[in-house]
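1. Got a sequence here, can you build the structure:
(one chain, ligands or ions: 2)
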Amino acid sequence: MTSPAPALVFDGVTVRYEVDASPAVDNVTFSLAAGERAALVGLNGSGKTTILLAAVGLVPYEGDIRVCGTPVSRRTAAEVRDRVGFLFNLPDDQLLFPKVIEDVAFGLLRRGFDRTEAYRKAVLALDSLGVGALAEWPLQHLSHGQKQRVALAGAMITDPPLLLLDEPSASLDPPGRRALAGILGRLDAAMLIATHDLDFGRRLCRRLILLEGGKVANDGEDLSTIQRLWEME
Ligand SMILES: Nc1ncnc2c1ncn2[C@@H]1O[C@H](COP(=O)(O)OP(=O)(O)O)[C@@H](O)[C@H]1O
Ligand SMILES: [Mg+2]
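-> Numbering: from 1, shown residues only. Ligands and ions are numbered 1, 2, ... in the order given. Alright, predicted model coming up:
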């Protein structure tokens with residue numbers, strides 16, 4: 001049996017937002033195996049969000065990016081996004097429908113599931129995150145933590161092999177952070193978790209990919225480089 005393709009491969013990837021600007025992501029190379037979790041850590045502006053966006057074809061890049069073996073390009077972007085659950089930094093950026101259940105079920109309806117089945121699965125996904133009771137609620141009545149769980153339910157509903165999470169613990173209180181780490185830790189998907197919350201990253205991942213100025217400064221389980229950087233401020 002052949003082993004599955006890595007969930008995510010970056011090979012010499014560079015992203016520039018402006019032609020003459022210095023790169024936001026500079027010659028980045030790493031690979032995430034199927035089911036593997038890694039935290040993408042770094043200070044503000046180090047390139048974490050840009051890496052996640054590049055992985056789903058939302059910013060142009062030089063180099064090679066593959067999701068589950070498929071090269072990411074404008075042509076393959078739709079196919080790639082079908083394999084990825086993406087959690088934006090701010091849930092309001094990805095919640096589109098007035099009611100919770102509509103939002104969570106959307107990924108399944110888009111794939112041709114009938115409404116009854118899609119809603120049934122959406123309630124199960126919400127239940128698994130402890131927010132099944134919110135299914136009929138209007139989104140604007142939810143707290144930030146509740147919105148984030150709803151957004152995560154929507155990202156997970158199609159069972160994607162890769163989750164890209166942008167600062168998932170930001171704006172959560174400590175119990176909320178612990179609960180989210182527990183939920184994510186039980187999923188089988190590969191995950192790249194962009195965070196400047198080192199405790200949260202460590203709770204879920206042994207592997208830490210440290211970015212400094214768009215470059216990978218360290219990749220592994222060793223914390224010392226990161227701690228030096230964190231203490232520099
Ligand atoms: N839309 C944009 N246009 C121009 N520059 C951007 C844009 N988004 C991010 N940048 C720049 O790219 C660099 C990396 O940003 P980002 O990926 O958001 O970092 P992080 O998520 O680690 O805070 C920063 O210098 C930031 O100012
Ligand atoms: Mg960011």
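
2. where exactly do the helices run in this protein?
-> In the chain, the helices defined using DSSP state H lie at 48-55, 77-82, 100-110, 115-128, 144-156, 174-185, 198-204, 224-232.

3. Okay, buried residues for the last one please.
-> Residues 226, 229 are the ones in helix 224-232 that count as buried (16 or more other C-beta atoms under 10 Å). C-beta here means a position set from N, CA and C on the backbone, and glycine is covered the same way.

4. So is it next to ligand 1?
-> No: applying C-beta under 6 Å from any ligand atom, one finds helix 224-232 out of contact with ligand 1, separated by at least 12.7 Å.

5. From the contact counts, what lies against that helix?
-> strand 207-212, strand 215-220 (3 or more C-beta pairs under 8 Å, 6 or more residues apart in numbering; DSSP states H and E).

6. one step back: same list, the helices of the chain, but as a markdown table with mean pLDDT please.
-> Shown next, in a markdown table, are the helices of the chain (pLDDT from 0 to 100):
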| stretch | mean pLDDT |
| --- | --- |
| helix 48-55 | 97 |
| helix 77-82 | 91 |
| helix 100-110 | 95 |
| helix 115-128 | 94 |
| helix 144-156 | 91 |
| helix 174-185 | 88 |
| helix 198-204 | 92 |
| helix 224-232 | 74 |
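
7. For residue 135, find the nearest of those helices.
-> Residue 135 lies closest to helix 100-110 among the helices of the chain, at 4.4 Å (C-beta to C-beta).

8. returning to that earlier point: dump the helices and strands packed on helix 224-232 into a markdown table; add mean pLDDT, distance to residue 162 and mean neighbour count as well.
-> Converted to a markdown table, the helices and strands packed on helix 224-232 look like this (pLDDT from 0 to 100; distance: least, C-beta to C-beta, whole Å; neighbours: other C-beta atoms under 10 Å):
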| stretch | mean pLDDT | distance to residue 162 | mean neighbour count |
| --- | --- | --- | --- |
| strand 207-212 | 96 | 15 | 21 |
| strand 215-220 | 96 | 18 | 16 |
